[in-house]
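Q: Sequence plus predicted model, see below.
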There are 2 protein chains.
Amino acid sequence: MVREYGCDMRGMLSFQILWLVSKKPMHGEQIAEEIRKRRGEKPKAGTIYPALKEMSSRKLIKGRKSGKTITYSITPAGEKAVSQAITYFVRSFGDIFKSA
Amino acid sequence: MVREYGCDMRGMLSFQILWLVSKKPMHGEQIAEEIRKRRGEKPKAGTIYPALKEMSSRKLIKGRKSGKTITYSITPAGEKAVSQAITYFVRSFGDIFKSA
DNA sequence: TGCTATATATAGGACATGCTATATATTTAA
DNA sequence: TTAAATATATAGCATGTCCTATATATAGCA
């Protein structure tokens, strides 16, 4: 996926999902589509749903089912996590971003 | 490492190394120290040297040995790779930075 | 009522990351 | 010249990511 550029950027998926959900409650397909807009490739169902499930089990997000969709929103624990993750992210990679 | 915050940020190591080396030729220990400044934790020897070796084998960086140190600098292929990776990075995660 | 599209779930696996532990080479200090 | 510190190398492994393939449930339309 990103290997062509000489580096992977895996491991950022949960962070990005958490950030997206912190901005606006969304269901899986919407989240996948938002990621596609940014990365150029849409995560597959087998990628997105296990990630959502795992984050739910860790109480970072919670889902409310309505019909065939499950809308996820962030929990207080998720808010705290995303805030700390952003701090780490900016501290770690901020200068790369500034150099662009 | 970042798990405490609710997300991992693995997979960014090679990208960060490549970016650092593109700014200034460095040897392994210097690179590890630069990463420590940013992330708070210094990658272990067993992390940094295999990564450097792999990137050398892909001709993204090249090392020149002098005494006990090997100073790595970026190659033309590495320049191209880091430039594309930065573009992808900003496109994918730029709005997270802006939100911080 | 069937047909199709949408949304979610999950097993199983390929692959990469980054670790621990250990080993070796080189430099410096005693 | 030993001893200690520094720099690099590598085997082996636990973990996590994200995939393919497949299955199920719901919704909307003919």
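A: Received, thanks.
Q: dump the residue contacts of the most centrally placed residue in chain A.
A: With distances taken as C-alpha atoms, centre = their mean, A:I17 lies nearest the centre of chain A, 1.4 Å away. Neighbour list for A:I17: A:31, A:35, A:48, A:51-52, A:55, A:61 [criterion: C-beta atoms under 8 Å, 6 or more residues apart in numbering or on different chains]. Where C-beta positions appear, they are placed from N, C-alpha and C, glycine not excepted.
Q: Of these, which is the most crowded?
A: A:I61 (27 neighbours; other C-beta atoms under 10 Å in any protein chain shown).
Q: Could you report the separation of the residue nearest to the centre of chain A from B:F97?
A: 17 Å (C-beta to C-beta, to the nearest Å).
Q: out of the contacts of A:I17, which touch DNA strand D?
A: A:A51 (C-beta under 7 Å from any atom of the strand).
Q: Now the two most distant members of the contacts of A:I17.
A: For those, with distances taken as C-beta to C-beta, the pair at the greatest spread is A:I35 and A:I61 (15.0 Å).
Q: May I have stretch A:43-62 exported as PDB, CA atoms only?
A: Written as PDB, here are the backbone C-alpha positions of stretch A:43-62 (Å, rounded to 0.1, in the frame of the first residue of the first chain):
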ATOM      1  CA  PRO A  43      -9.800  -0.200   4.100                       C
ATOM      2  CA  LYS A  44     -11.500  -3.500   3.400                       C
ATOM      3  CA  ALA A  45     -14.400  -4.700   5.600                       C
ATOM      4  CA  GLY A  46     -12.100  -7.300   7.100                       C
ATOM      5  CA  THR A  47      -9.800  -4.500   8.200                       C
ATOM      6  CA  ILE A  48     -12.300  -1.900   9.500                       C
ATOM      7  CA  TYR A  49     -14.800  -4.100  11.400                       C
ATOM      8  CA  PRO A  50     -12.300  -6.000  13.500                       C
ATOM      9  CA  ALA A  51     -10.600  -2.600  14.300                       C
ATOM     10  CA  LEU A  52     -13.900  -1.200  15.400                       C
ATOM     11  CA  LYS A  53     -14.700  -4.200  17.500                       C
ATOM     12  CA  GLU A  54     -11.300  -4.100  19.200                       C
ATOM     13  CA  MET A  55     -11.700  -0.400  20.000                       C
ATOM     14  CA  SER A  56     -15.200  -1.000  21.400                       C
ATOM     15  CA  SER A  57     -13.900  -3.800  23.600                       C
ATOM     16  CA  ARG A  58     -11.400  -1.300  25.000                       C
ATOM     17  CA  LYS A  59     -14.200   1.200  25.600                       C
ATOM     18  CA  LEU A  60     -12.600   3.900  23.400                       C
ATOM     19  CA  ILE A  61     -15.700   4.000  21.200                       C
ATOM     20  CA  LYS A  62     -19.200   2.700  21.600                       C
END
